[in-house]
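Trainee: I would like to see how this sequence folds:
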Amino acid sequence: MSILPHPSDQRPTRKPVRDGGDLLARESVGLDARFAGIDSTLDVFRLAAAAWPDRPALTFVPDGNAEAAPVDVSYARLHEHIVRTANHLASLGLRRDDCVAYLLPNLPEAHFCIWGAQAVCRVAAVNHFLESAQIADLLQALDARVVVTASPAEAPALWAKLGPVLAGLPGLRETLWVGAADPAALPPGVRRFDDVLAAQPAEPVFEALRDPAALAACFHTGGTTGTPKIAQLSHRALVVNSWMLGEMFDIRPSDVIVCGLPLFHVNGVVVTGLAPFMHGARVLLAGREGFRNPKLVAGFWRLVERFRVTTFSGVPTVYAALLNVPLAGADVSSLRFGICGAAPMPVELFRRFERATGIRLLEGFGMTETTACASVNPRDGERRVGSIGLPVPYGRMKTVILDERGAHVRDAATDEIGVVAILGPHLTPGYRDPRHDAGLWLPGGWLNSGDLGRRDADGYFWLVGRAKDLIIRGGHNIDPSMIEEALARHPEVELVAAVGRPDAYAGELPVAYVKLRHGARADAEELKAFAKAHVTERAAAPNWVECIDSMPVTAVGKIFKPTLRKHAIARTLRELFAEGDLQHAGIEVRDDRTHGVVAVVGVADEAARARVAELCAGLALQVRSTVG
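Mentor: Have a look, this model is predicted:
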C-alpha cells in the first residue's frame with residue numbers, strides 16, 4: 001500500500017511543456033518499490049533510517065555561523081528521537097484527536113517534536129514571535145494537551161510571553177522545555193525535553209497512526225485576530241507534497257539543503273524538511289533564527305562553500321539581502337538552484353540576483369492550504385520569469401470566473417484574469433473551525449486560492465493580484481483586520497481600512513486609511529503612534545496612516561479596497577520619485593487586462609524614463625512611462 005498517487009491517476013490533459021519531459025505524463029517506474037508501505041509521515045523516517053542509517057539527516061549550525069562546530073544527527077538517530085518522542089506522548093494518554101503545540105526556534109528538537117507528535121496525534125505550529133494574547137487564542141483554539149517550547153535560558157523573551165498563558169489552558173497536561181534548564185527549578189507541570197526522551201525506549205511501544213487521511217499538522221494562516229484561522233493537513237497531504245517536491249526539484253541523497261525559514265511555517269517544515277528527508281538529503285539547519293539572523297545572511301556564501309550546499313529556499317526579502325553580500329571569492333559552484341516563494345518576486349530583483357551570483361532561481365507558488373507547493377517553474381527547461389510556473393505532478397490548476405457572491409460562473413479563457421483554483425491530493429481537508437471553510441471550495445473539490453491570475457497558452461500561471469486582503473510583508477501574512485481593529489478603538493476614528501503598499505525590500509508594507517468622526521482633531525502622526533501602541537503584531541504596525549474625507553465603498557456599502565491600493569501605489573511612487581529627484585508629469589494607476597494593475601508615469605524625456613525604470617526596479621509592480 002502507498003499514500004502516493006498511482007501513475008495512472010489524474011492523467012494530464014495538457015501536452016508537455018518544454019521541460020525535458022513532462023513529469024505529469026511520465027510513468028514513475030519503481031515508484032511503488034521505493035515508497036511502498038508509507039501510510040504516515042513516521043513511515044518516511046522509518047524507511048529513511050533503514051536506507052541511509054549513517055547519513056547525516058540534520059546538521060545544526062549554531063547561530064548560522066559557518067565557522068562554528070556543527071551538530072550532526074544521522075537518519076538512524078533522527079528516527080530514534082522521533083520514536084522516543086512518540087513513546088512519551090503516548091504514555092501521557094495522547095491519541096489521534098489530541099494536539100501537541102510547539103513554539104520553538106529552528107532547533108533539531110523541533111523536528112523530533114513535529115514528527116514524533118504526528119506519529120500518535122496532531123502537531124500544531126505556533127509562531128513564537130506573536131504576542132501573548134494571540135498565542136493564548138491559538139492554543140485555546142487548538143485545545144493543546146502538550147506544549148513544547150524553549151526554556152527561559154534558551155529564549156527568555158518567549159517564555160515571558162508564554163508562561164502566563166499556560167495557566168489558562170484547561171486541557172494542558174504537560175509543558176516541555178528544550179534547552180538548558182536547572183531540573184531543580186522547573187515549574188510545576190514542566191519537564192525537560194531531553195529528560196523525557198532519555199527515559200523512553202528507542203523502539204516503538206505506541207500504537208502508530210496508520211490512516212493516511214488522519215490529521216497530522218495544523219498551521220495558523222492569514223490573520224490571528226478574533227477566532228484563529230487554522231489550516232489542517234493530513235498525513236497524505238504532507239507525504240504527497242513532499243514527493244511532488246522531490247520530483248520537481250530532483251532531490252537526491254547527495255543534496256545539502258539549507259533551512260533558513262522558520263519551522264512554524266510549512267515551507268520550513270516541508271520544502272526544507274520532510275521533502276529532503278524523504279529523499280535521503282541533508283538538511284542544514286542554519287541557526288535558531290534562520291534568515292532573521294543578520295549573521296547568517298552576512299556569512300551565507302561561506303556557509304554554502306563549507307557545506308557544499310546544493311539548494312535553499314527563501315522569500316524575496318532574503319534574496320534582496322543576499323544581493324548585498326559579496327561572494328568575496330566563495331566557491332558556490334555546488335548550488336544547483338535557489339527556490340523562491342511566499343511573495344511575488346520583483347522581476348528586476350530576480351534578474352539582478354542571477355546576474356550577480358550566477359545562481360538559477362526557481363519561482364513557485366503555494367499556500368498552507370496546498371501543504372506547501374502548488375506550482376513552480378521547471379528546474380531544467382524553460383522558466384518564464386515573473387510566472388509561478390507549472391502545477392506540481394498530479395496537481396491541477398486553473399483560473400475561474402466567480403460572481404459577486406463567490407460562486408463559480410465558468411472557467412477562464414487563456415490569458416483571462418480569474419481566481420486561481422487548485423485540485424489534488426495535497427490539499428487541506430479544511431480549517432479547524434468549519435466556519436472558515438465558507439468560500440474555500442468550488443464545484444468538483446477545487447480549492448479557491450483567493451489569488452488572481454491567468455494561465456497562458458503553454459500552461460504557465462501568472463499572478464496579477466489578490467482577491468483576498470492579506471498583506472504579505474517579507475513572506476509573512478498580515479491580516480489587515482488586525483490593524484483595522486486597533487485603529488477603530490481610537491475615539492475619533494469613524495472608518496478605517498488597511499492595505500499593502502509596494503516596497504522594494506519587504507514586497508509590501510501595511511498602510512491605513514482613516515475617515516475621522518465629525519469634529520475630530522486627531523492627525524495622521526497621532527493615529528500612526530496609536531496603531532503602533534495597539535497593534536498586537538509589530539510587523540503589522542502601519543508604515544503610514546492617511547486621513548481621507550470619504551471612504552470608497554461598493555454599491556452595498558462595503559469598503560472598496562482596490563481604490564485604496566491604487567492610491568497607496570500612487571503615493572508610494574510620488575514619494576519614491578521625490579527622493580530620487582525625478583520630475584514627472586503625473587501618475588495614473590489603473591486596471592490592466594494582463595497584469596491586473598499597472599502604474600503609468602508621464603515623463604519629459606527618455607532620460608527621465610530610464611530613471612523611472614531604475615527607481616521602480618525593486619517593486620513587484622508593473623510601471624510604464626510615457627514621454628510627452
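
Trainee: which residues does Asp98 contact?
Mentor: Shown in contact with Asp98 (Cβ atoms under 8 Å, 6 or more residues apart in numbering): 120-122, 145. Quick note: C-beta positions are derived from backbone N, CA and C, even for glycine.

Trainee: These in strands, which ones?
Mentor: Among the contacts of Asp98, the members found in strands (DSSP state E) are Arg122.

Trainee: Now neighbour count and distance to Pro212 too, for the contacts of Asp98, in JSON lines please.
Mentor: JSON lines is the format used below for those (neighbours: other Cβ atoms under 10 Å; distance: Cβ to Cβ, whole Å):
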{"residue": "Val120", "neighbour count": "27", "distance to Pro212": "16"}
{"residue": "Cys121", "neighbour count": "25", "distance to Pro212": "16"}
{"residue": "Arg122", "neighbour count": "25", "distance to Pro212": "14"}
{"residue": "Arg145", "neighbour count": "21", "distance to Pro212": "23"}
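
Trainee: Looking at the contacts of Asp98, which is nearest Val623?
Mentor: When the contacts of Asp98 are compared for distance to Val623 (Cβ to Cβ), Arg122 comes out closest, at 45.4 Å.

Trainee: can you list contacts of stretch 538-547?
Mentor: 471, 473-474, 476, 478-479, 482-483, 487, 498, 501, 503, 509-516, 522-525, 527-528, 531-532, 535, 571.

Trainee: try 7 Å
Mentor: Residues outside stretch 538-547 that contact it (Cβ atoms under 7 Å, 6 or more residues apart in numbering): 473, 476, 478, 482-483, 498, 501, 509-514, 516, 523-524, 527-528, 531-532, 535.

Trainee: now swap in stretch 465-485 and tell me
Mentor: Taking Cβ under 7 Å, 6+ apart as the rule, stretch 465-485 contacts 221-225, 315, 317, 342-343, 419, 450-452, 496-500, 506-510, 512, 531, 535-537, 539-540, 542, 561, 596-597.

Trainee: distance between that stretch and the chain's centre?
Mentor: The chain centroid and the centroid of stretch 465-485 are separated by 13 Å, computed with Cα atoms, centre = their mean, to the nearest Å.

Trainee: End to end on that stretch, go ahead and measure it.
Mentor: Terminal residues of stretch 465-485 are spaced 24 Å apart (Cα to Cα, to the nearest Å).

Trainee: need the contacts of Asp98 in a markdown table with pLDDT and distance to Gly163, can you?
Mentor: Compiled in a markdown table, those are given as follows (pLDDT from 0 to 100; distance: Cβ to Cβ, whole Å):
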| residue | pLDDT | distance to Gly163 |
| --- | --- | --- |
| Val120 | 97 | 26 |
| Cys121 | 97 | 24 |
| Arg122 | 97 | 24 |
| Arg145 | 98 | 18 |
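
Trainee: Setting aside sequence neighbours, what's the nearest residue to Gln118?
Mentor: Residue nearest to Gln118 in three dimensions, not counting chain neighbours: Ala216, with 4.5 Å by Cβ to Cβ, 6 or more residues apart in numbering.

Trainee: for the stretch of helix or strand that neighbour belongs to, packing partners?
Mentor: Here Ala216, judged by DSSP states H and E, is contained in strand 215-220. For strand 215-220, the contact count by 3 or more Cβ pairs under 7 Å, 6 or more residues apart in numbering; DSSP states H and E identifies strand 122-125, strand 230-234, helix 235-249 as packing neighbours.

Trainee: mind redoing it with 6 Å?
Mentor: strand 122-125, strand 230-234 (3 or more Cβ pairs under 6 Å, 6 or more residues apart in numbering; DSSP states H and E).

Trainee: With distance to Asp63 added, can I get the ones you listed in CSV?
Mentor: Compiled in CSV, these are given as follows (distance: least, Cβ to Cβ, whole Å):
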stretch, distance to Asp63
strand 122-125, 22
strand 230-234, 30
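
Trainee: Pick the most deeply packed of these.
Mentor: strand 122-125 (a mean of 26; mean count of other Cβ atoms under 10 Å).

Trainee: Which positions within the helix or strand that that strand is followed by qualify as buried?
Mentor: Remark: after strand 122-125, the chain's next helix or strand is helix 132-142, criterion DSSP H and E. Under the neighbour-count criterion of 16 or more other Cβ atoms under 10 Å, helix 132-142 has 134-139, 141-142 buried.

Trainee: tell me the phi and psi of the nearest residue to Glu348 once chain neighbours are set aside?
Mentor: Leaving aside its chain neighbours, Glu348 sits nearest to Ala617 (3.7 Å; criterion: Cβ to Cβ, 6+ apart). Dihedral pair for Ala617: phi -60, psi -30, per degrees, to the nearest 10.

Trainee: in whatever helix or strand Val400 lives in, what's buried?
Mentor: Assigned by DSSP H and E, Val400 belongs to strand 396-402. By neighbour count on 16+ other Cβ under 10 Å, the buried set for strand 396-402 is 396-400, 402.

Trainee: Output those residues as CSV; include the columns distance to Thr310.
Mentor: Shown next, in CSV, are those (distance: Cβ to Cβ, whole Å):
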residue, distance to Thr310
Arg396, 29
Met397, 28
Lys398, 33
Thr399, 34
Val400, 37
Leu402, 41
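
Trainee: ok, of those residues, which one's closest to Asp437?
Mentor: Closest to Asp437 out of these is Leu402 (16.2 Å), distances taken as Cβ to Cβ.

Trainee: List the contacts of that closest one.
Mentor: Going by Cβ atoms under 6 Å, 6 or more residues apart in numbering, Leu402 touches Val419.

Trainee: redo that, cut-off 7 Å
Mentor: 408-409, 419.

Trainee: Glu382 versus Phe60, what's the distance?
Mentor: 38 Å (Cβ to Cβ, to the nearest Å).

Trainee: And these two? Which one has more around it.
Mentor: Between Phe60 and Glu382, counting by other Cβ atoms under 10 Å, Phe60 is the more crowded of the two (21 against 14).

Trainee: Quick check: bridge partners of that one?
Mentor: With DSSP bridges as the criterion, Phe60 is bridged to Val71, Leu285.

Trainee: where does it land on pLDDT?
Mentor: On pLDDT, Phe60 comes in at 98.

Trainee: Check the gap between it and Pro105 for me.
Mentor: Distance from Phe60 to Pro105, counting by Cβ to Cβ: 11 Å.

Trainee: Give the helix, strand or coil label for the nearest residue to Ala585 once chain neighbours are set aside.
Mentor: Once flanking residues are discounted, Ala585 sits nearest to Gly602: 3.3 Å by Cβ to Cβ, 6+ apart. Here Gly602 is strand, with the state taken from DSSP: H, G, I helix; E, B strand; the rest coil.

Trainee: got the contact list for Gly602?
Mentor: Residues counted as contacts of Gly602 (Cβ under 7 Å, 6+ apart) are 584-586, 626.

Trainee: just Val266 next, same as before
Mentor: 219, 368, 371-372.

Trainee: Of those - the most surrounded one?
Mentor: Counting neighbours by other Cβ under 10 Å, Thr371 comes out on top of these with 33 neighbours.

Trainee: I'd assumed Leu261 was in contact with Gln268.
Mentor: Quick fix: residue 268 reads Gly, not Gln. Yes - contact criterion Cβ atoms under 7 Å: Gly268 and Leu261 qualify, at 4.4 Å.

Trainee: Specify the local secondary structure of Arg191.
Mentor: Here Arg191 takes the strand state, with states given by three-state DSSP.
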